[in-house]
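Undergrad: Give the three-dimensional model of this entry:
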Amino acid sequence: MTNGPIDQVQEVVELDSQMLIIKSFLEHLEYSLGKDKYSATPSDILNSVAYSVRDRLIERWLDTQQKYYNEDMKRVYYLSMEFLLGKTLENSLINLGLHDQYKQALESLGYDLNDICEQEVEAGLGNGGLGRLAACLLDSMATHSLPAYGYGIRYEYGIFRQNIVDGGQVEVPDNWLRYRNPWEFDRQEHLHPVKFFGKVVTKYDKEGRTAYDWEDTEDIMAMAFDIPVPGYGNNTVNTLRLWSAKSTREFDLNFFNAGDYIRAVEDKMFTENISKVLYPADHVVEGKELRLKQEYFLASATIQDMLYRFKKGHTDINLLPDKVAIQLNDTHPALAIPELMRLLIDKEGLEWDRAWDICVKLFGYTNHTILPEAMEKWPVWMLEQLLPRLLSIIYEINERFLDEVNRRYPGDTGRIARMSIIEENGPRLIRMAHLAIVGSHSVNGVSKIHTEILKKRVFRHFYDMFPERFNNKTNGITQRRWLRLANPGLSELITSRIGSEWIPDLFELKKLIPLADDPEFVLQWQEVKQRNKLMLAEYIKENNYLEVNIDSMFDCQVKRIHEYKRQLLNVLHAITLYNRIKADPTARFVPRTLIFSGKAAPSYFMAKLIIRLINAVGDVINNDPDIGERLKVVFLTNYSVTLAEKIFRAADLSEQISTAGTEASGTGNMKFALNGALTIGTLDGANIEMLEEVGRDNIFIFGLNAEEVNELKTRGYSPLEHYYRNQELKQALDMIAGGVFSPREPGLFRPLVDSLLHQGDQYLLLTDYPSYIVCQEKVSELYLDQPSWTRKAILNTAGMGRFSSDRTVSDYSCDIWGTHAVDVCPIPEYRQKDDNIMAL
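TA: Numbering: from 1, shown residues only. Okay, the predicted model is just below:
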């Protein structure tokens, strides 16, 4: 049977498109890289493909930016110290609707697209959830055709590469820019001076008004590097602009001519350190100072850039709130508030009240933490030395704000002290969260419980004063990255049954609910999961030299290593399982493979000790012949977006076990559930909202809730009572403290046990341990009934529509930014059959 006219036209279009792709690829290989098929390395092939894809992005990119100018749209500026992008090539192909065309075109030349994508190096621009959220929001802003820009720093060395040596974390530099980054464009014409040090001189103008000059400064140039961010299913390509520090001069000619060559280039090297590394060590003064410089560097360059762009189309500075919205991703960019005030007052000549009104209308602040110790504070003396003009502005902001507090609550000196931007109790510190709240018209948490804790506990006095400013915007993830790209097998299965509209609209996954009772679909779902588990098992064998049973439950906890995330509770469960098998080797036991991954901050002793314990427990369990395939403990090194994709799609069980009231939201929980893993967790962060969406019968909840945690801590808590009351818990802790897992250093892990038994058990592991163990027994029981387990897995995936970053961005846009979508250009009439989005 011959194809109809429409199919024939489609075939011609696709063939013509493939020829254009081949032509573009070969031209870049020859003319951009100076190579041919005989001399090209795998890196050359990757870069040629990337340049070819980039060409398609540029066409849309230029059209997008021109449309924004022509329509004079209100624009969003999203400031974040981190953007954890992951690999860009395949994501761009999916969003452009060109994935299958490139795959086929490259196959005709003898290349495999998957192998090429594996060659790509991840951009080292972020660490964990904060940076990954920022990347997801960028994807969704482009997909929603919102006029938006991401702003960050172009770190030459990203978050460290993690090696494991003798079970412990060892950090090595991540020089991700060692080779070219094919996705970036240097914008040498966009240079902004950033001031440091110097002094503030008070002057008076002709009318007797006070003016300020920031003089004798050491200036550093911020140079822009742009990365295109394509939306899905449209022609929008937004911009991520990253700042790189450049010296105001290459070298000092006087020193050079005198023969002092090191001194000649010393200033340049010192200057450019600012964008050298993500998260310099902050346990030393030099590291703290560099971090503060980075934060101001980002803030100042971005605000100058925003004003430059605004002035290209407007002469009235009072129009700023109608044309600009600025979102602070946590407190790190909060110096943008006094920096905008500096420029409006010192450069634009505005009076304070008018400048402050504009400032508050522009800024929104997203809080990402509940823990008091994670609330960023800077020593006053450090700003006095580095940023004297900003400090004087912060003093003025604080004085005016406290006058307002005193008018509202006369005589309440305790409230005034608690709300002050300057902490006076002990060394004087600037509370950056307070600065962000006072200087913003919107303050949002990132889950319902997180926002309620901010309002009722952490920022209670600010909520009393500014209730209209506080709102919730639950975090989300982009399904383009975390399902369509990360899990092609499941993506294809879902699309074959409900179509591909779930890719732009995740609520479409609700259509999977009736399929949870379809035996054929359940079987197909299980087959996809087994293939994904096999791929992860092969990765573990290759990298950890350990064979794991793919029929075992893949029980995964992957995230930043921190005491409040309670990886240690998971380890206690592993030891408990080990002891139960040893006590009765013939008993029925549900096989488990416990998979951990994550990085600890280099100076965080306890977190690094937890990594050593995980590996030490794994060494004992994995090499015990009595255990066999029934239990394995695996730590996967150097957690990254690419590794996360491998883990999420293969996971059976997702561990979200932080102490209730400590996790702001979490997004790993959403990624696991989207890929069909069941969750065991506390009523913390977004777990609560996930429970609402998937139903209590389809999630495993244990432990105290946030109110109960607060009450217990207020009432008083004795960890030793739990230790003596529960024999399995006591046995596990005694084994850790007694050196069973560290025979060569018997006291190695004693600090972990001491933190639980004698230092208060801050995160209540011992309290939640019995409930956790009972809940895990229910997990094992259900896993034996694979049809029921799979049914619940399908319902979890079906319930994830609310947790798309598309919904998150829509909420920000409507409630905070006041921005609207812009249709960049007409959508082509023909569409790809497989992805149902635009073709080339």
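Undergrad: From now on I want contacts and neighbour counts done on CA atoms only, so please keep to that.
TA: Fine.
Undergrad: If you drop the residues flanking it in sequence, what lies closest to the spatially most central residue of the chain?
TA: For the chain, the residue nearest the mean C-alpha position is residue 132 (2.3 Å; C-alpha atoms, centre = their mean). Leaving aside its chain neighbours, residue 132 sits nearest to residue 84 (4.6 Å; criterion: C-alpha to C-alpha, 6 or more residues apart in numbering).
Undergrad: wait, doesn't the one you found sit right on residue 139?
TA: No. Counting by C-alpha atoms under 8 Å, residue 84 does not reach residue 139; the two are 11.9 Å apart.
Undergrad: Neighbour count: the two, which is higher?
TA: Legend: neighbour count by other C-alpha atoms under 10 Å for residue 84 and residue 139, higher for residue 139 (29 against 24).
Undergrad: any idea how far the more buried one is from residue 174?
TA: Between residue 139 and residue 174 the distance, using C-alpha to C-alpha, to the nearest Å, works out to 25 Å.
Undergrad: cool, residue 538 as well?
TA: 25 Å.
Undergrad: show me where the stretch 251-400 of the chain has helices.
TA: For the stretch 251-400 of the chain, helices defined by DSSP state H, counting those that start in this stretch occupy the ranges 253-257, 261-271, 285-311, 320-323, 336-342, 352-362, 380-386, 388-408.
Undergrad: Contacts made by the shortest one with the rest, please.
TA: The set of residues that contact helix 320-323 without belonging to it, under C-alpha atoms under 8 Å, 6 or more residues apart in numbering, is 72, 73, 74, 75, 310, 358, 361, 362.
Undergrad: neighbour-wise, which of the residues you listed leads?
TA: In terms of neighbours by other C-alpha under 10 Å, those top out with residue 362 at 26 neighbours.
Undergrad: Hmm, that one is touching residue 326, no?
TA: Yes. If you go by C-alpha under 8 Å, residue 362 and residue 326 touch, sitting 5.6 Å apart.
Undergrad: What helices and strands are in contact with the longest helix along the chain?
TA: The residue-count maximum for a helix in the chain (DSSP state H) belongs to helix 42-71. Packed against helix 42-71 by the contact rule (3 or more C-alpha pairs under 8 Å, 6 or more residues apart in numbering; DSSP states H and E) you find helix 5-27, helix 89-96, helix 113-119, strand 218-230, strand 237-246.
Undergrad: okay if I get those as JSON lines plus mean pLDDT?
TA: Output for the helices and strands packed on helix 42-71, formatted as JSON lines (pLDDT from 0 to 100):
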{"stretch": "helix 5-27", "mean pLDDT": "71"}
{"stretch": "helix 89-96", "mean pLDDT": "97"}
{"stretch": "helix 113-119", "mean pLDDT": "96"}
{"stretch": "strand 218-230", "mean pLDDT": "97"}
{"stretch": "strand 237-246", "mean pLDDT": "97"}
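Undergrad: Please identify the most buried of those.
TA: strand 237-246 (a mean of 26; mean count of other C-alpha atoms under 10 Å).
Undergrad: what's next to that strand, contact-wise?
TA: So strand 237-246 is contacted by 57, 60-61, 64-65, 142, 147-155, 220-231, 268, 271-275, 298, 301 (C-alpha under 8 Å, 6+ apart).
Undergrad: Could I get the CA-only coordinates of that strand as CSV?
TA: Below are the C-alpha coordinates for strand 237-246, written out as CSV (Å, rounded to 0.1, in the frame of the first residue of the first chain):
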residue,chain,number,x,y,z
VAL,A,237,14.9,31.2,22.9
ASN,A,238,15.7,33.1,26.0
THR,A,239,19.1,34.0,27.5
LEU,A,240,21.2,32.9,30.4
ARG,A,241,23.8,35.6,30.9
LEU,A,242,26.9,34.7,32.9
TRP,A,243,29.5,37.2,34.2
SER,A,244,33.2,36.6,34.0
ALA,A,245,35.7,38.8,35.9
LYS,A,246,38.2,40.6,33.8
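Undergrad: Buried ones in stretch 55-64, by neighbour count?
TA: Neighbour counts over stretch 55-64 (16 or more other C-alpha atoms under 10 Å) mark 56, 57, 60, 61, 64 as buried.
Undergrad: which residues are in contact with it?
TA: With C-alpha under 8 Å, 6+ apart, stretch 55-64 has contacts from 228, 230, 235, 236, 237, 238, 824, 825.
Undergrad: Likewise for stretch 584-595?
TA: By C-alpha under 8 Å, 6+ apart, the list of residues contacting stretch 584-595 reads 548-549, 551-558, 574, 581, 626-627, 629-636, 780-781, 783-784.
Undergrad: And these, which of them are buried?
TA: By 16+ other C-alpha under 10 Å, the contacts of stretch 584-595 give 548-549, 552-558, 574, 581, 627, 629-636, 783 as buried.
Undergrad: Filter those down to just the ones in helices.
TA: 574, 581, 783.
Undergrad: The last one and residue 528, how far apart?
TA: This means residue 783. Residue 783 is 17 Å from residue 528, where distance means C-alpha to C-alpha.
Undergrad: And residue 491, by the same measure?
TA: According to C-alpha to C-alpha, residue 491 and residue 528 sit 10 Å apart.
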